[in-house]
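Asks: okay, predicted coordinates and the sequence, questions at the end:
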Amino acid sequence: IDFADGEGIVNHAEGVLTYEGVIQIGKSGDPTFILGKGISNLGQISNTNAGRMRIFQSGAAAFSNESGGETTNEGTISIGGSSEGEVSGTGVSNNGVFTNQIGASLRIESVDLGVNNANSFTNAGELIFDVTGVDTSAYQNGDEGSFANTGTIAGNASNFRFNTDLGGTISPGFSPGRMTFGSNQRFLAGALLKMEVDGTGEDEADLIQVNGVVNLNNLNLEVDVNYSPTNGDVIELIRASVIAGNFASVDLPPGWTVSLGASVQISFDGSLLPVELTHFEALKADKSVSLKWATTTEIDNEGFEVL
């Protein structure tokens, strides 16, 4: 659908749209000819796991799930990101029920507001943002909006406002990148924060920035370090006005430790051994030797090999 003087697709209240192929709205590389919304849904839309939807351009919200509308995505929906033309305003405007299922992907790029949710939005798949800039927001939850995440939220994005505890997996950047939360943020116990570090430079490590209080609330932390560190290297992972709570578990490479203070940081000391040995004894037993030892700490230690 390359040209429309209104909406690209309107699915009315009694309408049921199920697709397994490809829907493309707004022609990539051309000026905007979809003058209204890309999709306006008042009925039921189901994107199967084989379905692919691409909304390059629209004059209003790219995907508007209206009051009473129900949208279920099991495949891939991509919004924005065209080198020419643009989505004017919001990527997904939700006043109904929007569900991103397990295995599904919803990717939103280069819009002023990624998701504006005023009703019910559930993510169990991948919710990927590339929405950065002074006047942009990745996600806004209205006063009546509810958001639940058991999937993955990833990408570079500014000004998340979920107004609810955040679960699932959170992974900033596109190896690496930054996520900014516009207000206080609390994580659900058991959620997973996956961070990547490629160096000590400002743009070489993932960063979570919270403009307020962040409550870790037994969050699990997993850090992937992809460079050769030197003693004394310090990497900031979470920046907030106040750090509350603690991690339930921390998965770091050997030599790295985590500290919580004015921010959450990891630091490297190569003199730290992965195993702290307190006792070692060798006893002769006939024609063999019996070895006995004890440790107080072991970090990423798979076992012991005696040669």
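Replies: Good, I have the coordinates.
Asks: ok, and what's touching the strand or helix carrying E236?
Replies: Take DSSP states H and E as the rule and E236 turns out to sit in strand 234-244. Identification of contacts with strand 234-244 by C-beta atoms under 8 Å, 6 or more residues apart in numbering yields 195, 197, 200, 205-217, 221, 223, 260-268. Just so you know, the C-beta spots here come from the backbone N, C-alpha and C atoms, and that holds for glycine as well.
Asks: list the strands paired with the helix or strand hosting T72, with their directions.
Replies: For T72, the host element (DSSP H and E) is strand 70-73. Using DSSP bridges, strand 70-73 pairs in its sheet with strand 44-47 (parallel), strand 97-100 (parallel).
Asks: out of those strands, which comes closest to N117?
Replies: strand 97-100 (7.6 Å; C-beta to C-beta).
Asks: run the chain-centre distance for the helix or strand following the closest one.
Replies: Next helix or strand after strand 97-100 toward the C-terminus (DSSP H and E): strand 105-109. Relative to its chain's centre, strand 105-109 lies at 11 Å (C-alpha atoms, centre = their mean, to the nearest Å).
Asks: elements contacting strand 105-109?
Replies: For strand 105-109, the contact count by 3 or more C-beta pairs under 8 Å, 6 or more residues apart in numbering; DSSP states H and E identifies strand 76-79, strand 90-94, strand 126-131 as packing neighbours.
Asks: for G103, find the nearest of those strands.
Replies: G103 lies closest, by C-beta to C-beta, to one member of the helices and strands packed on strand 105-109: strand 126-131, at 8.6 Å.
Asks: distance of N119 relative to L106?
Replies: Per C-beta to C-beta, to the nearest Å, N119 is found 16 Å from L106.
Asks: among the contacts of strand 234-244, which lie within strands?
Replies: Counting by DSSP state E, the part of the contacts of strand 234-244 found in strands is 195, 197, 207-215, 221, 223, 260, 263-268.
Asks: ChimeraX command to pick out the buried ones of these?
Replies: Here is the ChimeraX command that selects the buried residues among the ones in strands among the contacts of strand 234-244 (16 or more other C-beta atoms under 10 Å):
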select :195,197,207,208,209,210,211,214,215,221,223,263,264,265,266,268
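Asks: quick revisit: will you turn the helices and strands packed on strand 105-109 into TSV that also has distance to Q57 and mean pLDDT?
Replies: Output for the helices and strands packed on strand 105-109, formatted as TSV (distance: least, C-beta to C-beta, whole Å; pLDDT from 0 to 100):
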stretch	distance to Q57	mean pLDDT
strand 76-79	10	96
strand 90-94	12	96
strand 126-131	16	93
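Asks: mean neighbour count and distance to G151 added to these, as CSV?
Replies: Shown next, in CSV, are these (neighbours: other C-beta atoms under 10 Å; distance: least, C-beta to C-beta, whole Å):
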stretch, mean neighbour count, distance to G151
strand 76-79, 23, 14
strand 90-94, 26, 15
strand 126-131, 23, 6
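Asks: dump these into TSV; add distance to G8 as well.
Replies: TSV is the format used below for these (distance: least, C-beta to C-beta, whole Å):
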stretch	distance to G8
strand 76-79	12
strand 90-94	14
strand 126-131	21
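Asks: who's the residue lying closest to G91 once chain neighbours are set aside bridged to?
Replies: Leaving aside its chain neighbours, G91 sits nearest to I108 (3.9 Å; criterion: C-beta to C-beta, 6 or more residues apart in numbering). With DSSP bridges as the criterion, I108 is bridged to I79, F129.
Asks: now for the residue nearest to S267 when sequence neighbours are not counted, how many residues are close by?
Replies: The spatially closest residue to S267, leaving aside those adjacent along the chain, is V234, at 4.7 Å (C-beta to C-beta, 6+ apart). Look at V234: counted by other C-beta atoms under 10 Å, it has 11 neighbours.
Asks: what of D143?
Replies: Other residues within reach of D143, judged by other C-beta under 10 Å, total 6.
Asks: which SS state does it fall under?
Replies: Of the three states, D143 takes coil under DSSP: H, G, I helix; E, B strand; the rest coil.
Asks: for the stretch 51-200 of the chain, give me the ranges with low pLDDT.
Replies: Along the stretch 51-200 of the chain, the parts satisfying pLDDT under 70 run over 82-85, 134.
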